[in-house]
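Asker: Just the structure for this:
(3 chains)
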Amino acid sequence: MLLADLIRIKEQELAGRKPFVLRVCMAAGCVSSNAEAVLAALDRAVKDAGLESQIEVRPVGCLRLCCEGPLVAADPDGKLYKKVSPEDAVSVVKALQGEPAPVRTGDLREPFFEKQFSIVLGNSGLIDPERIESYIAADGYIALRNVLRDMSPADVISAITKSGLRGRGGAGYPTGLKWSTVAKTKSTRKFVVCNGDEGDPGAFMDRSVLESDPHRVIEGMIIAGYAVGAQQGFIYVRAEYPLAIKRLQTAIKQARQFGLLGSNVLESPFSFNIDIRIGAGAFVCGEETALMASIEGLRGNPRPRPPFPAESGLFGEPTLINNVETFANVPPIILQGPEWYASIGTEKSKGTKVFALAGKITRTGLIEVPMGIKLREIVEEIGGGAPEGAKIKAVQTGGPSGGCIPASELDTPVDYESLTKLGSIMGSGGMIVMDDTTNMVDVARFFMDFCVDESCGKCIPCRAGTVQMHRLLTKILNRQATESDLKTLAELCELVRSTSLCGLGQTAPNPVLSTLRFFRSEYIELLQPTKPSPECASTAEKKGAPADNKQVDGR
Amino acid sequence: MAAKTLTIDGQLVSAEEGQTVLDAARDAGIHIPTLCHLNGIQDIGACRLCLVEITGSPKLLPACVTKVQEGMEVQTSSDRLRRYRRMILELLLAERNHVCSVCVSNGHCELQTLAAEHGIDHVRFEYLSPRLEVDLSHRLFGMDHNRCILCTRCVRACWHVEGAGTKNVAGRGIQSRIISDLNQPWGQSETCTACGKCVAACPTGALFNRGATVAEMQRDRTRLEYIVTAREKSQWIV
Amino acid sequence: MESKTGVRQETSGSKVRESASEDKRFKILETQMKRYQYRQDSLIEVLHKAQDLFGYLDDEVLTFVAQRLKLPPSRVYSVATFYHLFTLKPQGQHTCVVCMGTACYVKGADKVLAALEHDLGIKAGETTSDGKVSLVTARCIGACGLAPAVVYDGKVAARQSSDDALGVTRQWREHATGGSHTH
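Answerer: Model prediction:
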């Protein structure tokens, strides 16, 4: 396939467009609310009305306002139909002809949409994720073709470096630097790995991108493969995301048929393949060394770094690992130029960030915002604030590795450094809003419970330390703890953070530390009044050599 | 091979390129506590006791897998490191049932020695006191999960020195257990060669010779190193 | 290796092969492994397929996989027990997955789970004694916009209350067989 073919496909696709389009959200959220039946009913209604030449019913990816699903967007009039049922289909079709529609109707110009800025989600909700032609019509694979024809691998890396793109998996490592390290490491075999093991409870950005625009991620990976000199890619996706897996499989198959994957990509000397690897339920596999172990068919145990994957990664070879959103940023950077990308966001955090907005808030769903936007704008304007007069108390970012930011700090700009300063992290993009009915100690315990369950057990501080922290938090919640327990909890937080082997353990104390910092009074209120000498009482029981006062159970 | 000069605890030390900080320190007579390390088997950096401070590194690094570098400045026993080590040992003591007075390894136990070295007279954490079993199905050896600290020295000895692949870790997190084959009684294992390397590798009383009673279980921990050196370098250092 | 352990492997090997010839599912699994060229790094993919076919992974299936991929049984068992989606015990006729992701949790998923545990008389991760219902928790199914979400036999249901959930599971237990379209 050559450029001419890409353009021919694009023109054919555009020429086939009909004056009216009904875009039906087929992302997992809406599918759970019966979107498939809505799609079928709309198809039938169009057929029954004899309007097939006028109206296209297009299954698309995420339309973002998940709380109102199933969603249907109408072009060109810009209406957004909410909570659509199959019975509404006929009136939705009639509404396109100007009749009033007795359906819950919104507008794509609502603040929820107006405040957003789309790069990663640029195609999401517009194209049919199961048809490669639909992606090509939206300038898909043109960036790849430009790269292969006009740019050297060094040019590509320089463009990514100039754009200021940082890893969207959470830590924010400069993407260009990572690519350049892998490119410089000499080896005949290298790998590109896409981390789609989005395990943070409360996060579904990567799932939406994979479901809505899978070709974008594939294109980003092929470009990365060309830049670093790799011929094989792996996408590691959670098994909990069956729809994303299915669409990726379809997309990879189509890309192979079109000569975009395989030998001689777009008739260039460059060859690249992608295989999918499906996770099996282990949060720790989001950590890069654990993820690579899992691709190799092993337990997802992390290993110490160095050596970093860029030198010795998958099967001991130099490996580039980026997450889904990072790869999805690559084609637009190539197409529109690194200067354009670098002009968005703040000095140190460029571009946009996709968040999954959820919790005690009026509008929940998927959002993409420019870096540097204030948390308040996200929560109050996009999310519409707390429902029914409740009061927002905190915003949790970064999942079990992140922290709770109190309402008083809502004017903090969203960038890597500011969130870290508040003891949270950018994370992969989960954003959970909590209101004044939420008990923050309980939230800390919820995350600790998660870490206990997800610890791989390899290193002691994480394996046993998280269990002890969980016990102390439970003790506090049961109003049985004293001041000295709180001290032990703080000591454990420091230990686990400083001595754990991998990121899971090192960040496991964050939810406790951040709630201790901003909501300390909630902990204090739950403590037992200090007894005359609690210290002596508690140590007396445990006095002596650790084992002396214990018995082996009978055997 | 190029020599590297570094400073460990203020002492100038020369080491071979490719050597670990742990080896360099031990050659220089500087003691760094370890549990998952055993000469002759592959290191995994899991127990975190050998963490050291290295000037210029924001993170603590495990001495057993960190390679020496020219001009490196290493601190092996700051107050902070000693405090962390003590807490890690306390976490281990609270995790399972370490009852020294009735243990086959009493007096010859690495965990016990380290606890004494760090002046542990009480444990600040709640004892988890799990109910765990003792596998006495093997004709030569026994496995007491109550004493296991999951250092995986037995697993690595079984895989990398003996090559049998009998031992492994099942489950994860606090639920992790050392198993034989498909988690069947050790005596029924079809892959075990009864070589005893796992028993030689064990730092505590978790793996023992059958018939050993309290404090009787002594092992020759240099045995694995002897085998590996013989195999890799054709040197039989008796 | 050959001489010493060969005899013992032969005995257990023939046991697996015998039943494998009776059960078509082993043939399908074998085909899948062949597609992966019996590569040892395909272990997790193979276990996924095996669980699809058999519903759970018993010793016979694990031994079969170990032999074909030329891995020691301990490796296969170790990997199968590391990942939470693999199960070594038979599952109930129906499966109810309560999402315990953060968004679901702050919207009351813990109460839904407690109600189910109480009503079914089992804890999460267990199956009712009549073999009808397995109760499972998930660490976020990514349906946060629909919190709290519960998955009934693979179908996601949005904004579930305790009563909604009990309604479904009670119906399952009343009907001996019940289709997958329950909600």
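Asker: What's the nearest residue in the stretch 301-450 of chain A when you look at chain B?
Answerer: Relative to chain B, the nearest point of the stretch 301-450 of chain A is residue A:304 (4.0 Å; C-beta to the nearest C-beta). In short, each C-beta sits where N, CA and C put it, glycine included.
Asker: wait, that residue sits on residue B:45?
Answerer: Yes. Using C-beta atoms under 8 Å, residue A:304 is in contact with residue B:45, at 4.0 Å.
Asker: Overlap in contacts, those two.
Answerer: Residues touching both residue A:304 and residue B:45 (C-beta atoms under 8 Å, 6 or more residues apart in numbering or on different chains): A:501, B:62, B:65.
Asker: I'd guessed the first one sits against residue B:47; true?
Answerer: No. Residue A:501 is not in contact with residue B:47 according to C-beta under 8 Å; the separation is 9.7 Å.
Asker: In three-state terms, label the residue of the stretch 401-550 of chain A found nearest chain C for me.
Answerer: Residue of the stretch 401-550 of chain A nearest chain C, by C-beta to the nearest C-beta: residue A:432 (4.7 Å). With DSSP: H, G, I helix; E, B strand; the rest coil as the basis, residue A:432 sits in strand.
Asker: tally of neighbours for it?
Answerer: 32 (other C-beta atoms under 10 Å in any protein chain shown).
Asker: do the same with the one 3 residues further on
Answerer: Other residues near residue A:435 come to 20 when the count uses other C-beta under 10 Å.
Asker: cool, and the one 10 residues further on?
Answerer: By other C-beta under 10 Å, 22 other residues sit near residue A:445.
Asker: Next: the one 4 residues further on.
Answerer: Other residues near residue A:449 number 17, with proximity taken as other C-beta under 10 Å.
Asker: ok, and the closest non-adjacent residue to it?
Answerer: residue A:470 (6.1 Å; C-beta to C-beta, 6 or more residues apart in numbering or on different chains).
Asker: and the helix or strand that contains that neighbour, C-alpha only, in PDB?
Answerer: Residue A:470 is part of helix A:460-477, with elements assigned from DSSP states H and E. Extracted as PDB, the C-alpha positions of helix A:460-477 are listed here (Å, rounded to 0.1, in the frame of the first residue of the first chain):
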ATOM      1  CA  ILE A 460       9.200  -8.000  52.700                       C
ATOM      2  CA  PRO A 461       8.200  -4.400  53.300                       C
ATOM      3  CA  CYS A 462       5.400  -4.500  50.800                       C
ATOM      4  CA  ARG A 463       4.300  -8.100  51.600                       C
ATOM      5  CA  ALA A 464       4.100  -7.800  55.400                       C
ATOM      6  CA  GLY A 465       4.200  -4.000  55.800                       C
ATOM      7  CA  THR A 466       0.900  -3.400  53.900                       C
ATOM      8  CA  VAL A 467      -0.800  -6.100  56.000                       C
ATOM      9  CA  GLN A 468       0.400  -4.400  59.200                       C
ATOM     10  CA  MET A 469      -0.700  -0.900  57.900                       C
ATOM     11  CA  HIS A 470      -4.100  -2.400  57.000                       C
ATOM     12  CA  ARG A 471      -4.400  -3.900  60.600                       C
ATOM     13  CA  LEU A 472      -3.600  -0.500  62.100                       C
ATOM     14  CA  LEU A 473      -6.100   1.300  59.900                       C
ATOM     15  CA  THR A 474      -8.800  -1.200  60.900                       C
ATOM     16  CA  LYS A 475      -7.900  -0.800  64.500                       C
ATOM     17  CA  ILE A 476      -8.300   3.000  64.200                       C
ATOM     18  CA  LEU A 477     -11.600   2.600  62.400                       C
END
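Asker: More neighbours: residue A:304 and residue B:45, which one.
Answerer: Legend: neighbour count by other C-beta under 10 Å for residue A:304 and residue B:45, higher for residue B:45 (22 against 18).
Asker: Using the record's assignment, carve chain B into domains.
Answerer: B:3-77, B:86-233 (automatic domain parsing).
Asker: make that chain A, sorry
Answerer: Split by automatic domain parsing, chain A gives A:14-109, A:140-342, A:352-435, A:440-553.
Asker: hmm, back to that, looks like the residue nearest to residue A:449 contacts residue A:450 (just checking).
Answerer: No. If you go by C-beta under 8 Å, residue A:470 and residue A:450 don't touch, sitting 9.7 Å apart.
Asker: who has more neighbours, these two?
Answerer: residue A:450 (26 against 21).
Asker: Can you give me the pLDDT of residue C:140?
Answerer: What the model reports for residue C:140 is a pLDDT of 79.
Asker: where's it relative to residue B:13, distance?
Answerer: Note on residue C:140: its distance to residue B:13, by C-beta to C-beta, to the nearest Å, is 49 Å.
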